[in-house]
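Novice: following is a predicted model, sequence given first.
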Amino acid sequence: MRAVKRIALFLPLLLLLVAAGAPAQTVRVYVGTYTSGESRGIYRLRLDVASGTLTPEGQPTEAVDPSFLAFSPDGTRLYAVNETGQSRHDASGAVSAFAVDRGTGALTFLNKQPSGGAAPCHLSLDRDGRHVLVANYWGGTVAVLPIDNHGIGPRSALVQHEGEGPHPHWIHVDATGRRAIVSDLGLDALFVYGFDAVRGSLAPAPARVPLPAGAGPRHFAFHPDGRHAYVINELSSTLTAFAYDAGAGSLRDLQTVSTLPSGFTGANSTAEVAVSPDGRFLYGSNRGHDSLAVFAVEGATGKLSLVGHVPTRGRHPRHFEIDPTGAYLIAANRDSDNLAVFRLDRQTGKLEPVGEPVRVPRPVCVRMRLVDRPPTD
């Protein structure tokens with residue numbers, strides 16, 4: 001009994017000593033950019049989780065307009081769209097594959113495949129990391145490309161969206177691995193496809209979920225509970241909450257809220273939406289107001305209530321991401337050529353700026369991976 005009491009007495013001190021001797025966690029940050037100006041491709045940085053310090057790391061990896069990035073589940077590959085091509089008649093968009101060095105984080109180009117349309121603007125991987133799914137904005141198509149030992153193989157599926165001005169802007173497979181959601185900004189609709197992970201195919205007749213005319217659904221986010229989901233509407237500066245039934249593949253409209261503060265009258269469009277890892281808060285980016293809108297998520301209903309707005313410390317926040325530890329958010333401010341770091345308050349959802357913004361030319365996508373061991377300089 002006395003031995004147990006002694007252990008209990010010294011346990012806090014032991015924990016402090018262990019924590020002091022443990023290396024600080026590090027997150028590698030990869031930034032997709034537009035390369036029409038100064039940018040050279042994909043940039044790599046290091047985020048220190050203890051301090052929130054963001055430091056450039058290595059030379060950029062040459063790539064043409066790598067405007068959206070996605071990791072393989074094990075982090076050994078990085079995939080990027082090449083947002084090229086201007087119309088259905090200039091369907092020269094592509095997807096590139098890179099190997100990720102586990103020690104340095106450096107990227108090695110593997111290969112490239114046509115994306116099946118013009119201006120691919122979003123891509124993701126299926127649950128098992130066997131296929132890349134891509135949305136071609138100007139092409140009006142969505143496609144699936146299988147992953148192989150060499151990088152990416154020729155596409156296994158291609159679907160053309162029909163109607164007046166289709167512009168698919170986001171595609172992702174749900175947690176069951178059986179359905180793929182597509183947001184089409186031009187058609188003001190979400191599409192729910194059946195997804196076959198063996199064949200890499202999309203069901204030919206997706207369910208269509210309409211949104212108000214002129215909403216412009218852009219990016220979509222699943223809640224960690226698997227029962228709710230959210231779409232940010234670029235043109236109307238709103239967020240729509242849904243109840244999601246994975247079994248039926250159905251989305252039921254629950255609520256639509258503005259991403260802007262009351263009384264704002266300037267020009268604005270929205271871009272990215274994300275739910276915190278614990279599911280308690282949701283964030284959306286405003287371009288024009290140049291802010292992150294913060295909402296609390298009601299656990300039982302999935303509905304949103306506004307917490308507030310935080311300036312992004314730059315212009316045109318096209319994308320942002322929450323780091324794998326859930327401690328920080330990094331916003332990519334395209335028109336001011338910088339990345340801004342914010343510390344998340346896990347109790348209130350509020351964001352606190354950390355340090356000074358870091359310069360990266362034309363940043364439009366942020367992706368992060370936790371490093372297994374301290375990086376090599």
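Specialist: Looks like it arrived, so ask away. Numbers count the residues shown, from 1 in each chain.
Novice: quick test: name the residue nearest the centre of this structure.
Specialist: residue 321 (6.0 Å; CA atoms, centre = their mean).
Novice: next, that one: secondary structure please.
Specialist: strand (DSSP: H, G, I helix; E, B strand; the rest coil).
Novice: isn't it right up against residue 369?
Specialist: No. Contact between residue 321 and residue 369 fails when scored by CB atoms under 8 Å: they sit 10.8 Å apart. C-betas here are computed from N, CA, C, even on glycine.
Novice: return the distance of stretch 335-353 from the chain's centre.
Specialist: Relative to its chain's centre, stretch 335-353 lies at 16 Å (CA atoms, centre = their mean, to the nearest Å).
Novice: pull out the buried residues from that stretch.
Specialist: The neighbour-count check on stretch 335-353 (16 or more other CB atoms under 10 Å) flags 336, 337, 338, 339, 340, 341, 342, 344, 349, 351 as buried.
Novice: I'd like the next helix or strand past the helix-or-strand element of the chain with minimal mean pLDDT.
Specialist: When the helices and strands of the chain are scored by mean pLDDT, DSSP states H and E, helix 2-21 comes last with a mean of 40. Going down the chain from helix 2-21, the next helix or strand is strand 26-33, by DSSP states H and E.
Novice: parallel or antiparallel, list what pairs with that following strand.
Specialist: strand 41-48 (antiparallel), strand 363-370 (antiparallel) (DSSP bridges).
Novice: out of these, flag the one nearest residue 216.
Specialist: strand 363-370 (17.7 Å; CB to CB).
Novice: pLDDT averaged over that closest one - what is it?
Specialist: In this model, strand 363-370 carries a mean pLDDT of 97.
Novice: contacts for it?
Specialist: Under the contact criterion CB atoms under 8 Å, 6 or more residues apart in numbering, strand 363-370 has outside partners 25-34, 43, 47, 66-71, 75, 78, 100, 318-321, 323-325, 330-334, 337-339.
Novice: check these for burial and list the buried ones.
Specialist: Neighbour counting over the contacts of strand 363-370 (16+ other CB under 10 Å) leaves 25-34, 43, 47, 66-71, 78, 100, 318-321, 323-324, 330-334, 337-339 as the buried ones.
Novice: make JSON lines from the strands paired with strand 26-33 and add distance to residue 180 to it.
Specialist: JSON lines is the format used below for the strands paired with strand 26-33 (distance: least, CB to CB, whole Å):
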{"stretch": "strand 41-48", "distance to residue 180": "25"}
{"stretch": "strand 363-370", "distance to residue 180": "20"}
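Novice: verify the contact between residue 44 and residue 58 for me.
Specialist: Yes. Using CB under 8 Å, residue 44 is in contact with residue 58, at 5.1 Å.
Novice: anything in contact with each of those two?
Specialist: Taking CB under 8 Å, 6+ apart as the contact rule, residue 44 and residue 58 both touch 105, 106.
Novice: for the strands paired with strand 26-33, which one sits closest to residue 204?
Specialist: Set against residue 204 and scored by CB to CB, the strands paired with strand 26-33 come closest in strand 363-370, at 30.3 Å.
Novice: just give me how far that closest one sits from the chain centre.
Specialist: Centre-to-centre, strand 363-370 and its host chain are 8 Å apart (CA atoms, centre = their mean).
Novice: stretch 216-228 too?
Specialist: That offset, for stretch 216-228, works out to 11 Å (CA atoms, centre = their mean).
Novice: output the below-cut-off pLDDT ranges for the stretch 101-250 of the chain.
Specialist: Along the stretch 101-250 of the chain, no part satisfies pLDDT under 70.
Novice: helices of that one, start to end?
Specialist: Applying DSSP state H, counting those that start in this stretch to the stretch 101-250 of the chain gives no helices.
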